[in-house]
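Visitor: quick one, what's the 3D model for this:
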Amino acid sequence: MAEHPPVIVHPPSTTGGRRVTVRGQIVGLAHGRGEVAAMLRAAGLAPGPDEAVELDRPELIEWRGGDLDTWG
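Guide: Predicted coordinates for the structure are as follows:
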């Protein structure tokens, strides 16, 4: 069985936002790239606060129901 990346950004909800899970645990509801980046930093999966977070790394993040530009 193939292993999923540690972060999954789920499809957009009907009420807005996308659920984000880290290692199977819900960490929040993101409404944009910046919120996903903040969640990764909080989980220790991103560089320091002054460095860009690469949200297009498939080994780190699986985007379901759209890519990082799909929010509604």
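Visitor: what packs against whatever helix or strand residue 19 lives in?
Guide: Per DSSP states H and E: residue 19 is located in strand 18-22. Secondary-structure packing of strand 18-22 (3 or more Cβ pairs under 8 Å, 6 or more residues apart in numbering; DSSP states H and E): strand 7-12, strand 25-30, helix 33-42. C-betas here are computed from N, CA, C, even on glycine.
Visitor: now the ones you listed as JSON lines including mean neighbour count?
Guide: Listed next are these as JSON lines, based on neighbours: other Cβ atoms under 10 Å:
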{"stretch": "strand 7-12", "mean neighbour count": "18"}
{"stretch": "strand 25-30", "mean neighbour count": "14"}
{"stretch": "helix 33-42", "mean neighbour count": "17"}
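Visitor: quick one: strands adjacent to the strand holding residue 19?
Guide: strand 7-12 (antiparallel), strand 25-30 (antiparallel) (DSSP bridges).
Visitor: out of those strands, nearest to residue 57?
Guide: strand 7-12 (9.3 Å; Cβ to Cβ).
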